[in-house]
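Peer 1: Structure for the following, please:
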Amino acid sequence: MSSKQQKTILNTIINDDCIKAMNKMEPNSVDLIFADPPYNLQLGDALTRPDNTNVSGVYEEWDSFESLAAYDAYTREWMTAARRVLKEDGAIWVIGSYHNIFRVGYILQDLGFWILNDIIWNKTNPMPNFKGTRFTNAHETLIWASKNPNSKYTFNYEAMKALNEDTQMRSDWQIPLCTGKERLKDGEGNKLHPTQKPEALLYRVIMSSTNVGDVILDPFFGTGTTGAVAKKLGRNFIGIERDINYVKGAQARIDAVEKVENALCLEMVSKKRQPRIPFGSVVERGLLTPGDVLYDAGRKHCAVVRSDGTLKSENMEGSIHQVGAAAQNLSACNGWVYWYFENANKELVSIDELRAQLREEIYGA
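Peer 2: Below is the predicted model of the structure:
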């Protein structure tokens, strides 16, 4: 498939076998893969509740394999096809349960992927263990991996921190199962797909590891959660799904999603991408002068600005970061957010505002 042909499948659902479809795609052409493959649940007999009503499990043909060896062979085949279309700096997410995730992780590593994290999706409303023979299975595992150890993969750290009320995002995510209006139903009111994932889960995956305009491939598209969230967040998607009923449900769902027209609403601030401004530039440009005094927010510590852009306190001299760390008896410190200067009204102002001012003047950013 040429680059021109590749563009024709953007934001569409391919109704085909995922291995066959991926092998036709252009190599090194997608930024992220989200894969929700068959779990090979091996349920056997129907599950029932204490009142003898049936539990809605996964009994579909696509989740049945003759043996673990057959499942492993299938996993290796689709992952090989997926690896081929993934860009060198791309990444893959694979979700699974205890039935398959350990086999999936083993094969991922065998194929050369580099595991970055395993994420625990804690279901806040899990299905009970009706027989009382095991612990309630209340989580699934996502493996996040780059194509190789040297890949410059995307990770929007600041966005994840902002989503988590300015606290570093952890690897255990508390998200409920897909229920209510979000759950797609067939004409008889039954679940269209037995394992539809919640949009909140895909929102976090896509926000964390892609940028606006990136291409996300979902080789097990199901009811289109990846495509719906990708459209909301200004990303492109390619879905592959062999069940025509799922395709129809997914397409209707995605068609109903309204794109965000204001591109500014989709922007994420990444400090790593912003141009670097040395503190010495603040002194060179006269925004602060040698001899000015900097304070911490509580005025407990202070330091004098020197002509070379370093600071000198009572016990320490060095960069804004080194002197700030020493003042707090810490090994590291972001001096830009620790130090303040006095304005003409004797009010404390963060020196980070001076850095932002210089970025605007120099780079227009």
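Peer 1: which stretches of the stretch 151-300 of the chain form strands?
Peer 2: Along the stretch 151-300 of the chain, the segments classed as strands by DSSP state E, counting those that start in this stretch run 172-175, 215-218, 236-240, 293-295.
Peer 1: Ok, which of those strands comes nearest Asp110?
Peer 2: Among those, strand 215-218 comes nearest to Asp110, with 20.8 Å by CB to CB. Every C-beta, even on glycine, is put in place using the N, C-alpha and C of the backbone.
Peer 1: Take the strands of the stretch 151-300 of the chain and write them to TSV, including distance to Met316, mean neighbour count and mean pLDDT.
Peer 2: Putting the strands of the stretch 151-300 of the chain into TSV (distance: least, CB to CB, whole Å; neighbours: other CB atoms under 10 Å; pLDDT from 0 to 100) gives the following:
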stretch	distance to Met316	mean neighbour count	mean pLDDT
strand 172-175	39	14	94
strand 215-218	48	26	98
strand 236-240	51	26	98
strand 293-295	13	18	97
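Peer 1: nearest to Thr8, of these?
Peer 2: Thr8 lies closest, by CB to CB, to one member of those: strand 236-240, at 10.5 Å.
Peer 1: Work out the sheet partners of that closest one and label each with its direction, please.
Peer 2: strand 12-14 (parallel), strand 215-218 (parallel) (DSSP bridges).
Peer 1: low-scoring stretches of this structure, by residue?
Peer 2: Counting by pLDDT under 70, the low-confidence segments of the chain come to 1-6, 41-63, 130, 269-273, 365.
Peer 1: Next up, the contacts around the residue of it positioned farthest from its centre.
Peer 2: No residue in the chain sits farther from the centre than Gly291, which is 45.4 Å out by CA atoms, centre = their mean. The neighbours of Gly291, taking CB atoms under 8 Å, 6 or more residues apart in numbering as the test, are 304-305.
Peer 1: Let the chain start at 42 from now.
Peer 2: Sure, I'll start counting at 42 from here, so that last one is Gly332.
Peer 1: For His180, the count of nearby residues, please.
Peer 2: 15 (other CB atoms under 10 Å).
Peer 1: Next up, the contacts around it.
Peer 2: Counting by CB under 8 Å, 6+ apart, His180 touches 161-164, 167.
Peer 1: among those, which two are most distant?
Peer 2: Spatial extent of the contacts of His180 (CB to CB) is set by the pair Ile161 and Pro167 at 12.6 Å.
Peer 1: just to revisit the earlier point, want to throw the strands of the stretch 192-341 of the chain into a markdown table with distance to Thr174?
Peer 2: Below are these laid out as a markdown table (distance: least, CB to CB, whole Å):
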| stretch | distance to Thr174 |
| --- | --- |
| strand 213-216 | 26 |
| strand 256-259 | 34 |
| strand 277-281 | 37 |
| strand 334-336 | 63 |
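Peer 1: What segments of the stretch 142-291 of the chain are helices?
Peer 2: 142-151, 198-204, 240-250, 266-273, 285-296 (DSSP state H, counting those that start in this stretch).
Peer 1: Go through stretch 68-86 and flag the buried ones.
Peer 2: Across stretch 68-86, burial judged by 16 or more other CB atoms under 10 Å covers 70-82.
Peer 1: and of the residues you listed, the nearest to Asp349?
Peer 2: Asp72 (42.7 Å).
Peer 1: host element of that closest one?
Peer 2: strand 71-76 (DSSP states H and E).
Peer 1: Mind checking what helix or strand follows that strand in sequence?
Peer 2: Following strand 71-76 toward the C-terminus (DSSP H and E): helix 109-126.
Peer 1: hang on, the earlier thing: reformat the strands paired with strand 277-281 into JSON lines and put distance to Thr266 next to each item.
Peer 2: Converted to JSON lines, those look like this (distance: least, CB to CB, whole Å):
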{"stretch": "strand 53-55", "distance to Thr266": "12"}
{"stretch": "strand 256-259", "distance to Thr266": "8"}
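Peer 1: Which residues are in contact with the nearest residue to Val301 once chain neighbours are set aside?
Peer 2: Spatial nearest neighbour of Val301, chain neighbours left out: Leu307 (5.8 Å); criterion: CB to CB, 6 or more residues apart in numbering. By CB under 8 Å, 6+ apart, the contact set of Leu307 is 253, 274-275, 301.
Peer 1: hmm, back to that, looking at the helices of the stretch 142-291 of the chain, spot the one closest to Asn52.
Peer 2: Across the helices of the stretch 142-291 of the chain, closest to Asn52 is helix 266-273 (CB to CB), at 7.4 Å.
Peer 1: From Ile403, how far out is Ser322?
Peer 2: Applying CB to CB, to the nearest Å, the value for Ser322 to Ile403 is 8 Å.
Peer 1: just to revisit the earlier point, the strand holding Asp72 pairs with which strands, parallel or anti?
Peer 2: strand 127-137 (parallel), strand 256-259 (parallel).
Peer 1: And the helices in the stretch 292-406 of the chain, which stretches?
Peer 2: 320-325, 361-369, 376-379, 393-404.
Peer 1: Between Ser322 and Ile403, point out the one with more neighbours.
Peer 2: Ser322 (15 against 12).
Peer 1: And that one, how far from Trp377?
Peer 2: From Ser322 to Trp377 the distance is 12 Å (CB to CB).
Peer 1: and if you look at Ala123?
Peer 2: 41 Å.
Peer 1: Check Lys272 too.
Peer 2: 37 Å.
Peer 1: nearest spatial neighbour of Gly350, skipping sequence neighbours?
Peer 2: Gly321 (2.9 Å).
Peer 1: What about the one you found, how many residues nearby?
Peer 2: Using other CB under 10 Å, Gly321 has 15 neighbouring residues.
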